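Colleague: Turn this into a model:
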Amino acid sequence: MNLTALLVDDELPILENLSFILPWEEMGIEVVGTARSGAEALDKVAEYHPDIMLCDIRMPSMDGLELIQTLREQGETCEIILLTGYQQFEYARTAIRYNVHEYICKPIDYLDLEHKLRELAGQIQKKRIELEAETHRKSEMEAWVRYKHIIDLMRREEDSALFPYPTSVPQPQLSSLRYILLLIDVSGYFKHSIGWSVSRHQSWHGMIRSRLRELTDRISNGTLLISARKGEWCMLVEATDEWRLRADALARQITLELDATFEPDSGMKTRVIQDVMPVKLDDQIAERYRHCQRLLIMSDSDPCSVKLKQGISEPSLEISKEPSGRAMMWVAKEDLDSITRWIRQGNKQGLIELLTMLKHRMSEHKSALDGVAENSLRFLLVHMLRELREVHVMAEQDEIHFWSALHSATSIKELIELAEALAHVCYDKKSVPRPSVSELMTSACEYMNARLECDLGIDEVADWLGISPGYFCQLFKNHMGVTFVEYMTQKRMESAALLLSTTEWSITAIGEATGFKERRYFSKVFHKHFHMKPSEFRSNQRAGS
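Modeller: Model (predicted):
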C-alpha cells in the first residue's frame with residue numbers, strides 16, 4: 001500500500017517542482033494534495049491524513065511552525081520535513097520540539113531530498129509492518145486467551161489459577177452474553193481412524209474444523225467454535241433473538257454437510273447434541289458440557305441430531321447419589337471374568353451387552369466422566385486386548401493399531417468406541433479358531449488357581465471355557481493325570497502349607513483362605529495329605545529353619 005504526502009508552500013514554482021521533479025510513484029508515495037498556506041494545509045490534513053508532509057516555514061496568515069503546533073495538538077502523527085530559506089536556530093529548536101523528521105534549507109537539493117524521502121518512506125513502512133504485526137499478535141493472543149478460558153471452564157480446570165497468565169497477556173473478560181451449546185461428534189471416527197498416521201489425523205481434523213467454521217460464518221454470526229477433543233467439537237451460539245431457530249438450522253446443516261464429506265464405507269456419522277438451556281460462559285457452561293457428553297455416550301449412532309426437550313428431567317442439574325465403594329470402580333472383577341469367558345467363547349453379543357450396561361451405569365452419575373471411570377475403561381481394554389491375543393483372533397498388525405489407539409484415546413467416548421470395535425473382533429463362536437486341548441487346560445488351571453478360596457465347581461469352570469462339564473472332566477483327567485477334585489485339593493494344600501510356613505495367620509483363617517469353611521474339615525484333609533496336623537506342620541517348619 002502506497003504512502004501519502006501533502007506538499008505545503010506559498011511559492012507555486014516550488015510546489016510544481018516538488019510535484020514533478022521527484023519520482024513519487026517509484027518511491028511508493030502518492031501526492032494527495034498541495035496547499036499554499038497553513039490554514040489551507042489544515043483542511044487538507046483533516047481530509048487526507050497524509051503519512052508525510054513537506055512544509056515551508058515562512059507563509060502568510062499561518063506559518064509552518066504554527067501549522068505544526070496545531071497539527072500536533074490535534075493528534076496528527078504525520079512525518080514532517082521542513083523547508084526554509086532561513087537558517088535560524090530558533091526554527092531548528094521549534095522543529096525538534098514538535099518532532100519534525102528533517103530540516104532542509106532552500107535552495108532545495110532535489111537529489112538529497114529524494115534520498116531523505118526514500119529513507120523516510122522505508123522507516124514508515126517498517127514501522128507500519130511492525131505495528132500491524134503487533135496488532136495481529138495482540139488480537140491472536142486475546143483470541144487464544146478467550147479460547148483457553150472457555151476450554152478451562154468446560155473441563156473444570158480450576159487449578160489453572162495456580163499458573164497465572166503472563167502480565168503481557170490480557171486477562172479473560174467475563175461476558176454477560178448467554179450461549180446455547182451444540183456438541184458435535186463424529187460417530188465411528190475413532191474406530192475408522194485406527195492405524196492412521198499423525199499427519200492424516202491432523203489433516204482430517206483441519207478439514208472438519210474448516211467446514212464447521214464456514215457453516216457458522218454463513219449461518220450464525222457470533223458463534224464460538226471450540227475443538228474440545230479428537231472427533232468432537234463444541235459450538236456456542238449466542239442466545240439472542242430467535243436463537244432456537246438459528247441453533248436448529250445450524251444443527252441440521254452441520255449433520256447434512258459433514259455426512260456428505262465422509263467416505264461411504266467409513267461408517268462415520270455426525271451426531272449433534274443440542275442443549276436447550278442458554279447459560280453464561282462463567283456460570284454453568286462446564287455443567288452443560290458434561291451433561292451433553294453423557295447424552296452423547298448414551299445416544300445411538302443415528303445420524304440425526306439429539307435435542308433435549310423442555311420439561312424432561314435433567315439429572316446433571318440435580319444432586320444425584322454418587323456410587324460408593326466397589327461401585328466407584330465402574331468395572332468389577334465379575335465384568336472382567338465375563339469378558340474373558342465371552343472372548344474365549346466368541347460371544348460378541350455378550351461383550352456388546354456388557355458395554356451397553358457400562359454406558360447406562362455411567363449415564364446415571366455425575367462422576368462417570370472422571371479419571372476413575374476412564375482408568376477403569378483403560379484397564380478393561382487392556383484386558384480385552386490380552387484375551388484376544390490368547391485366542392489368536394486378531395492379526396499382529398491390527399493388535400499394534402489397537403494398542404496405539406488405546407494410547408492416544410483422550411475421552412470416555414473414545415474408549416467406549418474402541419471397546420465396541422474390539423467386541424466386533426469376536427466373531428460368532430463357530431468362526432473362532434478352537435483353542436487346543438493344552439490351551440484349554442492351561443486356561444482352566446489359571447482360572448482354578450485364582451479361585452482356591454471359592455466354592456468352585458466343575459460346571460462353573462466348564463461354562464467359563466465354553467464346553468460341557470462332561471467333556472471338561474474327560475479332557476482334564478486325560479491331560480492333567482488327576483481329577484478336578486484331586487487337582488483343587490493338591491493346589492489348596494500347597495497354598496495352605498505356604499501360608500503356614502510364612503505367616504502368623506490362625507489355622508482357621510488359613511483354612512478359609514484355601515476354600516475350607518470349617519477348621520475341623522481343613523485339618524482332616526491336611527493331615528491326610530501331609531500325614532500331620534497343620535499345627536505340627538508349622539512347628540516342624542519353624543524348627544527346621
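
Colleague: Run through the strands of the chain in chain order.
Modeller: 3-8, 29-35, 52-56, 79-84, 102-105, 178-187, 224-229, 232-238, 269-274, 279-280, 306-307 (DSSP state E).

Colleague: Export those strands as a markdown table, with columns for distance to residue 296 and mean pLDDT.
Modeller: C-beta here means a position set from N, CA and C on the backbone, and glycine is covered the same way. Output for these, formatted as a markdown table (distance: least, CB to CB, whole Å; pLDDT from 0 to 100):
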| stretch | distance to residue 296 | mean pLDDT |
| --- | --- | --- |
| strand 3-8 | 55 | 94 |
| strand 29-35 | 58 | 94 |
| strand 52-56 | 60 | 92 |
| strand 79-84 | 59 | 87 |
| strand 102-105 | 67 | 82 |
| strand 178-187 | 5 | 85 |
| strand 224-229 | 11 | 76 |
| strand 232-238 | 8 | 83 |
| strand 269-274 | 5 | 87 |
| strand 279-280 | 18 | 78 |
| strand 306-307 | 8 | 45 |
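
Colleague: Kindly reformat these as JSON lines containing mean neighbour count.
Modeller: Output for these, formatted as JSON lines (neighbours: other CB atoms under 10 Å):
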{"stretch": "strand 3-8", "mean neighbour count": "24"}
{"stretch": "strand 29-35", "mean neighbour count": "19"}
{"stretch": "strand 52-56", "mean neighbour count": "25"}
{"stretch": "strand 79-84", "mean neighbour count": "22"}
{"stretch": "strand 102-105", "mean neighbour count": "15"}
{"stretch": "strand 178-187", "mean neighbour count": "23"}
{"stretch": "strand 224-229", "mean neighbour count": "17"}
{"stretch": "strand 232-238", "mean neighbour count": "23"}
{"stretch": "strand 269-274", "mean neighbour count": "23"}
{"stretch": "strand 279-280", "mean neighbour count": "16"}
{"stretch": "strand 306-307", "mean neighbour count": "17"}
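
Colleague: Can you convert these into JSON lines and add a column each for distance to residue 15?
Modeller: Listed next are the strands of the chain as JSON lines, based on distance: least, CB to CB, whole Å:
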{"stretch": "strand 3-8", "distance to residue 15": "6"}
{"stretch": "strand 29-35", "distance to residue 15": "5"}
{"stretch": "strand 52-56", "distance to residue 15": "9"}
{"stretch": "strand 79-84", "distance to residue 15": "11"}
{"stretch": "strand 102-105", "distance to residue 15": "15"}
{"stretch": "strand 178-187", "distance to residue 15": "59"}
{"stretch": "strand 224-229", "distance to residue 15": "55"}
{"stretch": "strand 232-238", "distance to residue 15": "55"}
{"stretch": "strand 269-274", "distance to residue 15": "67"}
{"stretch": "strand 279-280", "distance to residue 15": "61"}
{"stretch": "strand 306-307", "distance to residue 15": "71"}
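
Colleague: And the helices in the stretch 301-450 of the chain?
Modeller: Remark: helices assigned in the stretch 301-450 of the chain by DSSP state H, counting those that start in this stretch are 333-345, 348-363, 371-390, 396-408, 412-423, 437-449.

Colleague: wait, which of the ones you listed is closest to residue 56?
Modeller: For residue 56, the closest of the helices of the stretch 301-450 of the chain is helix 396-408, at 71.6 Å, according to CB to CB.

Colleague: how about that closest one: buried residues?
Modeller: 401, 402, 405, 406, 408 (16 or more other CB atoms under 10 Å).

Colleague: Against residue 388, how distant is the third one?
Modeller: In other words, residue 405. 14 Å (CB to CB, to the nearest Å).

Colleague: what about the strands of the chain, which gets the closest to residue 344?
Modeller: Closest to residue 344 of the strands of the chain is strand 178-187 (CB to CB; 29.4 Å).

Colleague: partners of the closest one in the sheet?
Modeller: Counting by DSSP bridges, the strands paired with strand 178-187 are strand 232-238 (antiparallel), strand 269-274 (antiparallel), strand 279-280 (antiparallel).

Colleague: Would you mind putting those strands into CSV with distance to residue 188 alongside?
Modeller: CSV is the format used below for these (distance: least, CB to CB, whole Å):
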stretch, distance to residue 188
strand 232-238, 13
strand 269-274, 6
strand 279-280, 30
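
Colleague: Which of the ones you listed sits closest to residue 415?
Modeller: Between these, strand 232-238 lies closest to residue 415; by CB to CB that is 13.2 Å.

Colleague: coming back round to it: make CSV out of the buried residues of helix 396-408 and add pLDDT and distance to residue 254.
Modeller: Shown next, in CSV, are those (pLDDT from 0 to 100; distance: CB to CB, whole Å):
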residue, pLDDT, distance to residue 254
401, 80, 29
402, 82, 30
405, 80, 26
406, 81, 29
408, 74, 25
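
Colleague: Residues in contact with stretch 516-524: which ones?
Modeller: 492, 496, 507, 508, 510, 511, 514, 525, 533, 534 (CB atoms under 8 Å, 6 or more residues apart in numbering).

Colleague: Which among the strands paired with strand 178-187 is found nearest to residue 64?
Modeller: Of these, nearest to residue 64 by CB to CB is strand 232-238, at 52.9 Å.

Colleague: The closest one to strand 224-229, inter-axis angle?
Modeller: With axes from the mean of the first three to the mean of the last three CA atoms, to 10 degrees defining the directions, strand 232-238 sits at 160 degrees from strand 224-229.

Colleague: Alpha carbons of strand 232-238, in CSV - could you do that?
Modeller: Listed in CSV are the C-alpha atoms of strand 232-238, where the atom choice follows Å, rounded to 0.1, in the frame of the first residue of the first chain:
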residue,chain,number,x,y,z
GLU,A,232,-15.6,-33.7,19.0
TRP,A,233,-16.3,-30.0,18.6
CYS,A,234,-18.4,-27.5,20.6
MET,A,235,-20.3,-24.6,19.1
LEU,A,236,-21.5,-21.9,21.4
VAL,A,237,-24.3,-20.0,19.7
GLU,A,238,-25.3,-16.6,21.1
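
Colleague: Other residues contacting it?
Modeller: With CB under 8 Å, 6+ apart as the criterion, strand 232-238 contacts 150, 154, 177-186, 208-209, 212, 216, 220, 222-228, 243, 246-247, 250, 281, 285, 289, 296, 411, 413.

Colleague: Next up, the contacts around the most centrally placed residue in the chain.
Modeller: The residue lying closest to the centre of the chain (CA atoms, centre = their mean) is residue 229, at 3.1 Å. Residue 229 is in contact with 410, 411, 413, 414, counting by CB under 8 Å, 6+ apart.

Colleague: For ChimeraX, write a command that selects the buried ones of those.
Modeller: Only the buried entries of these go into this ChimeraX selection, using 16+ other CB under 10 Å:
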select :411,413,414
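
Colleague: TSV for the contacts of residue 229, including distance to residue 58 and pLDDT?
Modeller: Listed next are the contacts of residue 229 as TSV, based on distance: CB to CB, whole Å; pLDDT from 0 to 100:
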residue	distance to residue 58	pLDDT
410	74	72
411	77	74
413	79	76
414	79	78
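
Colleague: max-length helix in this protein?
Modeller: With secondary structure taken from DSSP state H, the chain has its longest helix at helix 110-155.

Colleague: so what does that one touch, helix or strand wise?
Modeller: In terms of contacts (3 or more CB pairs under 8 Å, 6 or more residues apart in numbering; DSSP states H and E), helix 110-155 is packed against strand 3-8, strand 52-56, strand 79-84, strand 102-105, strand 224-229, helix 281-298.

Colleague: run the last query once more with 7 Å
Modeller: strand 79-84, strand 224-229, helix 281-298 (3 or more CB pairs under 7 Å, 6 or more residues apart in numbering; DSSP states H and E).

Colleague: What pairs with the second one, parallel or antiparallel?
Modeller: Strand partners for strand 224-229, identified by DSSP bridges, are recorded as strand 232-238 (antiparallel).
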